[in-house]
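Undergrad: I'd like to go over a predicted model; first the sequence, then the structure.
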Amino acid sequence: MSAYILMAMTNAQPGKEDEYNLWFDNVHIPEILAVDGFESVQRLQLAAVQRTPAPHPYKFAALYSIETEDLAGTLNALGKAVQNGIKTNASDPTQRALWVYQLLAGC
């Protein structure tokens with residue numbers, strides 16, 4: 001099996017952070033972890049103190065651990081799960097980035 005990290009950077013709509021976090025933790029994460037290959041997730045919030053000056057484009061990040069021999073198939077299944085999943089208007093769809101990284105040997 002190959003190991004990957006999917007990094008999702010997101011923002012909530014102004015004034016809807018509580019609703020967004022409830023949806024993310026209680027609805028979105030279980031939907032994603034039900035996809036074959038997705039093993040675990042860590043959620044993060046931007047710290048108040050940063051090494052570099054603002055602006056910082058994303059307040060929230062989620063790091064999903066993936067183990068699969070078919071990354072394309074796993075990501076295709078993720079796309080279907082997200083499309084069929086429960087949506088929220090608390091998420092800002094214009095403020096989102098998604099990248100997949102492969103773990104390096106020895107890490």
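TA: Now that the structure is in, tell me what you want to look at. Numbering: from 1, shown residues only.
Undergrad: by residue count, which helix of the chain is the longest?
TA: Determined from DSSP state H, the single longest helix within the chain is helix 71-84.
Undergrad: pull the residues that contact it.
TA: 2, 4, 6, 31-32, 34-38, 66, 68, 100 (C-beta atoms under 8 Å, 6 or more residues apart in numbering). Any C-beta I mention is one placed from the backbone N, CA and C, and that applies to glycine too.
Undergrad: most neighbours, which of the residues you listed?
TA: In terms of neighbours by other C-beta atoms under 10 Å, the contacts of helix 71-84 top out with Ile66 at 24 neighbours.
Undergrad: for the longest helix of the chain, what is the average pLDDT?
TA: Regarding helix 71-84, the rounded mean pLDDT is 98.
Undergrad: which neighbours in the sheet does the helix or strand of the chain with the lowest mean pLDDT have, and how are they oriented?
TA: Ranked by mean pLDDT, DSSP states H and E, the weakest helix or strand in the chain is strand 91-102, scoring a mean of 95. Using DSSP bridges, strand 91-102 pairs in its sheet with strand 2-12 (antiparallel).
Undergrad: list the buried residues for the partner strand?
TA: Within strand 2-12, the residues scored as buried using 16 or more other C-beta atoms under 10 Å are Tyr4, Leu6, Ala8, Met9, Thr10, Asn11, Ala12.
Undergrad: who's in contact with it?
TA: 19-21, 57-69, 71, 78, 90-92, 95-103.
Undergrad: let's see that with 7 Å instead.
TA: With C-beta atoms under 7 Å, 6 or more residues apart in numbering as the test, strand 2-12 has contacts from 20, 58-69, 71, 90-92, 95-103.
Undergrad: type out the ChimeraX command that picks the buried ones from those.
TA: Typed into ChimeraX, the line below selects the buried ones among the contacts of strand 2-12, using 16+ other C-beta under 10 Å:
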select :20,58,59,60,62,64,65,66,68,90,91,92
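Undergrad: where does Ile86 land in three-state SS?
TA: coil (DSSP: H, G, I helix; E, B strand; the rest coil).
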